[in-house]
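**Q** Attaching a predicted model along with its sequence, questions to come.
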Amino acid sequence: MTKMDAPEAGQEYLLVGGSKDKCIANGNSWSESKVKKRYLVLVSDLVARRVYVEASSEKEALEAANYGEWEIPADVESEEVVDRQAVEVLDVEE
């Protein structure tokens, strides 16, 4: 038995639109016709990279690296994102 597509309470749908819009008038389903908002998502990346730090001890080097007090060596061509975390979501339409 197939469940019929139906509108959901609290959702906005595009009923009519242009010829290329996904809307009910163009024969799209309720699910396809949901109005999408634009959001700005602030993302924090944890990046794996090699850095050189001038320090008098390993502890001091780690502390300096945590605060970004280092330079990226010339032989590092790319960085590998090893963890990505969404920090905050902002509604840009308001």
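**A** Arrived safely, thanks for sending. On a predicted model such as this, the values are computed, not experimentally measured, just so you know.
**Q** C-alpha from now on. contacts and neighbour counts both.
**A** Will do.
**Q** Report the separation between residue 11 and residue 65.
**A** Counting by CA to CA, to the nearest Å, the gap from residue 11 to residue 65 is 46 Å.
**Q** between these two, who's got more neighbours?
**A** The neighbour count for residue 11 versus residue 65, taken as other CA atoms under 10 Å, is higher for residue 65 (16 against 11).
**Q** what about the strands in the protein?
**A** Shown for the chain, the strands assigned by DSSP state E span residues 39-48, 80-91.
**Q** Could you tell me the least trusted of the ones you listed?
**A** Among these, strand 80-91 has the lowest mean pLDDT, at a mean of 63.
**Q** could you measure residue 14 against residue 34, distance?
**A** Note on residue 14: its distance to residue 34, by CA to CA, is 6 Å.
**Q** what do you get for residue 58?
**A** From residue 58 over to residue 34 (counting by CA to CA), the distance is 54 Å.
**Q** neighbour-wise, which of those two wins?
**A** Neighbours were counted for residue 58 and for residue 34 using other CA under 10 Å; residue 34 has more, 19 against 11.
**Q** All set now, cheers.
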